[in-house]
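Engineer: need a 3D model of the sequence below.
(2 chains)
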2 protein chains.
Amino acid sequence: MQRGHLMSPTVAFETWGTLNSAADNAVLIFTGLSPSAHAASSALDPAAGWWEDMIGPGKPLDSERYFIICINSLGSCFGSTGAASINPDTEKPYRLSFPVLTVEDIANSACHVLDRLGIAQLHTVVGASMGGMTALALALNHTSRCRRLVSISSAARALPHAIALRSLQREIIRRDPLWQQGQYDAKGDGPVTGMRLARKLGMISYRSGEEWADRFGRERAPDSVEQDSPFGIDFEVESYLESHANRFIGSFDANCYLYLSRAMDLFDGLDHGGSLAASFSDLQLQSALVIGVRTDALFPLSQQQELADALAESVADVHFVPLDSVQGHDSFLVDMDRFRPAIAAYF
Amino acid sequence: MQRGHLMSPTVAFETWGTLNSAADNAVLIFTGLSPSAHAASSALDPAAGWWEDMIGPGKPLDSERYFIICINSLGSCFGSTGAASINPDTEKPYRLSFPVLTVEDIANSACHVLDRLGIAQLHTVVGASMGGMTALALALNHTSRCRRLVSISSAARALPHAIALRSLQREIIRRDPLWQQGQYDAKGDGPVTGMRLARKLGMISYRSGEEWADRFGRERAPDSVEQDSPFGIDFEVESYLESHANRFIGSFDANCYLYLSRAMDLFDGLDHGGSLAASFSDLQLQSALVIGVRTDALFPLSQQQELADALAESVADVHFVPLDSVQGHDSFLVDMDRFRPAIAAYF
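Structural biologist: Residues are numbered from 1 along each chain as shown, chains lettered A, B, ... in the order given. Reported below is the predicted structural model:
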């Protein structure tokens, strides 16, 4: 794989609260693969954000105490430079000429944002899912940048089951004839079928069988659900996946998805040493919080335990909080009754 | 969904051993979705079968004691009538004019085979995966036909997680432009890409993350692996899926796959009553063996426990054997060290 470089990329971000005079109350949030930097509503954008219940005055990430920053990952398509952005050299979209993207690149790009904001050291870096990998990459590669780490439903490295799922999602997109080796018209539909199917596979890996057994059981879809084909929708769970897939379409660029998805597979927290503990030996964190969920099939709880154990070799104060949420990997987005207290307690 | 009927369908089967004069030593095996009736080698076909280590003289299914029959499921494409077969009325393949197929249809068709062979009552009916559902359907709908039931890595009903996975496999096939609403040329390639991707998703659901973590870890694929595209194969686990997908192509008809896959979703052992135990109250089994595997993500162990518990309400002698195999749902095909003794002990 050839690495490359970008000339003056843009990194989009949003903030809540105020940086104090010591510039030591900044909390940086890295997102999962698909969210934008709009984690919560604000005066500038009153629409609800993807972590609305977590961020704001009096909330677990309290904007009256902290200056909270959320980054749109480099490589994404919500304001930051990615494969769908215009290459200033050619005045055309990068598409597949965008260089190989790594989680470390996303972390590095965030440091430039911190420099611009005058923040030498973060109070805490927070990340869930891919964002947890990015937060760890920041702590590993910019050791003086953060005092505390919060890793949620993430992992120190991708295991083959997760790689297989993401690889298949990427191949489903690539095999859509409308992907056209990445040269689809960004203003047209692009590989809509591939993106829909990849999103369905994503949802299957993000939620849990236990949740769906309780929620859908063997309930049949209403007759009103459109039957576009023989072998179409029979069950409510199929109708649920269909509506999630339809909502995803048009909101995310396919090439950006490919780059970010592969970045997760490539990330390996072991790159700094022969074991996780050795790789973490240069960390300068004061404390860390690792949260995982029992029903997470994509980033299984054993990986959170492994991460917490390895952090504990170098970090004085490590909290491992396994939660009993039933919503699988997505629990941090929906099971606020469990996640809010867990995060509030740490802050 | 419209039911239909077939005029004189063919049901392919193979046998091992000899039916005794009392005709009471017959063991019937129903297969999972994709195998043929060739479960083991024989004088007529010396090629190794899909359960070669399980069937034969002195093996757990001992052909010196039992007359063993394996059925190619109705709706499949290895000799039994299915969507790829010629409709005698039109002299063209059924394709999507093949009627809706249920697991009960497969069980019913097997009864005609038993009639021809002069077998009023089976010593034991055995089934793994979809075959376990078929075996249960036989026991429920033809109560006098079997004295013993062996259900392996199966379930009394499909849960929404498994339905979602199979539904997505079917949609991946249907969205392949070469599927052509089922009208692809059976002699041509058909929806090869859809079948390859569906097979990869199948393999992800058939094996376990635990097995792959041990077996592949983060090993990279050798450089010799063909890179047909950007975002192609980086990791060994991707190479493994690729080779499995390639082996599947050409061996299974796409429409047959759709029919059999949906039959599994439609099966519901609760159809005979308001609870599993009530549904099972008419069973005339003397005993049953239920085997499940801890790492099975498609038919989780909790479903085997549920099946065994419900059977125990009506059947005097029920054995529940949870195995610690790491190969997930596929363990019954590969973990012979655990499965052979478990099955031998029952027989």
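
Engineer: buried residues in the one helix or strand residue A:104 maps to, which are they?
Structural biologist: Following DSSP states H and E, one finds residue A:104 within helix A:103-117. Of the residues in helix A:103-117, A:103-111, A:113-114 count as buried by neighbour count, 16 or more other CB atoms under 10 Å in any protein chain shown. Using the backbone N, CA and C atoms, a C-beta is placed for each residue, glycine as well.

Engineer: could you export those residues as TSV, including pLDDT and distance to chain B?
Structural biologist: As requested, the buried residues of helix A:103-117 are exported to TSV (pLDDT from 0 to 100; distance: CB to the nearest CB, whole Å):
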residue	pLDDT	distance to chain B
A:103	98	14
A:104	97	16
A:105	97	17
A:106	98	18
A:107	98	20
A:108	97	21
A:109	97	21
A:110	98	25
A:111	98	26
A:113	98	28
A:114	98	30
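
Engineer: looking at these, which is nearest residue A:19?
Structural biologist: For these, the closest approach to residue A:19 (CB to CB) belongs to residue A:114, at 10.7 Å.

Engineer: just to revisit the earlier point, for the helix holding residue A:104, packing partners?
Structural biologist: Where contact means 3 or more CB pairs under 8 Å, 6 or more residues apart in numbering or on different chains; DSSP states H and E, helix A:103-117 is packed against strand A:26-30, strand A:67-71, helix A:130-141, helix A:254-266.

Engineer: skipping adjacent residues, who's closest to the residue nearest to the spatial centre of chain A in space?
Structural biologist: Residue closest to the average C-alpha location in chain A (CA atoms, centre = their mean): residue A:32, at 0.8 Å. Leaving aside its chain neighbours, residue A:32 sits nearest to residue A:129 (3.7 Å; criterion: CB to CB, 6 or more residues apart in numbering or on different chains).

Engineer: how about residue A:128?
Structural biologist: Nearest non-adjacent residue to residue A:128, counting by CB to CB, 6+ apart: residue A:152, 3.8 Å away.

Engineer: residues in contact with the one you found?
Structural biologist: By CB atoms under 8 Å, 6 or more residues apart in numbering or on different chains, the contact list for residue A:152 reads A:126-129, A:131-132, A:291-292, A:332, A:339.

Engineer: show me the helices in the stretch 101-250 of chain A, by range?
Structural biologist: According to DSSP state H, counting those that start in this stretch, the stretch 101-250 of chain A carries its helices in the segments A:103-117, A:130-141, A:160-175, A:192-206, A:209-215, A:236-248.

Engineer: show me what the shortest one is packed against.
Structural biologist: With contacts defined as 3+ CB pairs under 8 Å, 6+ apart, the secondary structure elements packing on helix A:209-215 are helix B:160-174.

Engineer: which outside residues touch the helix holding residue A:104?
Structural biologist: A:9, A:11, A:13, A:19, A:26, A:28, A:30, A:69, A:71, A:73-75, A:80, A:120, A:122, A:130, A:133-135, A:137-138, A:141-142, A:145, A:263-264, A:266-267.

Engineer: now stretch A:340-347
Structural biologist: With contact meaning CB under 8 Å, 6+ apart, stretch A:340-347 is reached by A:53-54, A:59-62, A:65-66, A:124, A:150, A:289, A:291, A:319, A:321, A:323.

Engineer: report the buried residues of it.
Structural biologist: Neighbour-count burial for stretch A:340-347 flags A:342-343, A:346-347 (criterion: 16+ other CB under 10 Å).

Engineer: what is the nearest of these to chain B?
Structural biologist: Minimum distance to chain B across those is 24.8 Å, recorded for residue A:342 (CB to the nearest CB).

Engineer: so what sits opposite the residue nearest to residue A:128 in the bridge?
Structural biologist: For residue A:152, the beta-bridge partners under DSSP bridges are residue A:128, residue A:291.

Engineer: returning to what we had before: most tightly packed of the helices of the stretch 101-250 of chain A?
Structural biologist: Mean neighbour counts were taken over the helices of the stretch 101-250 of chain A using mean count of other CB atoms under 10 Å in any protein chain shown, and the top value, a mean of 27, falls to helix A:130-141.

Engineer: so which elements touch it?
Structural biologist: Short answer (3+ CB pairs under 8 Å, 6+ apart): helix A:130-141 packs on strand A:26-30, helix A:103-117, strand A:124-128, strand A:148-152, helix A:254-266.

Engineer: tilt between the last one and helix A:192-206?
Structural biologist: Going back to what we said before, that points to helix A:254-266. Computed by axes from the mean of the first three to the mean of the last three CA atoms, to 10 degrees, the angle separating helix A:254-266 from helix A:192-206 equals 30 degrees.

Engineer: shouldn't residue A:24 be within a helix?
Structural biologist: No. The assignment for residue A:24 is coil, going by DSSP: H, G, I helix; E, B strand; the rest coil, so no helix is present there.

Engineer: nearest to chain B within the stretch 201-347 of chain A, name that residue for me.
Structural biologist: Proximity of the stretch 201-347 of chain A to chain B (CB to the nearest CB) peaks at residue A:209, 3.3 Å away.

Engineer: spatially nearest residue to the residue of the stretch 1-150 of chain A found nearest chain B, not counting backbone neighbours?
Structural biologist: Residue of the stretch 1-150 of chain A nearest chain B, by CB to the nearest CB: residue A:96 (5.3 Å). Nearest non-adjacent residue to residue A:96, counting by CB to CB, 6+ apart: residue A:182, 4.1 Å away.

Engineer: wait, the one you found touches residue A:98, no?
Structural biologist: No. Using CB atoms under 8 Å, residue A:182 is not in contact with residue A:98, being 9.2 Å away.

Engineer: shared neighbours of the two, anything?
Structural biologist: Among the neighbours of residue A:182, those also in contact with residue A:98 (CB under 8 Å, 6+ apart) are A:83, A:255.

Engineer: show me where chain A dips below the pLDDT cut-off.
Structural biologist: Applying pLDDT under 70 to chain A picks out residues A:1-2, A:224-229.
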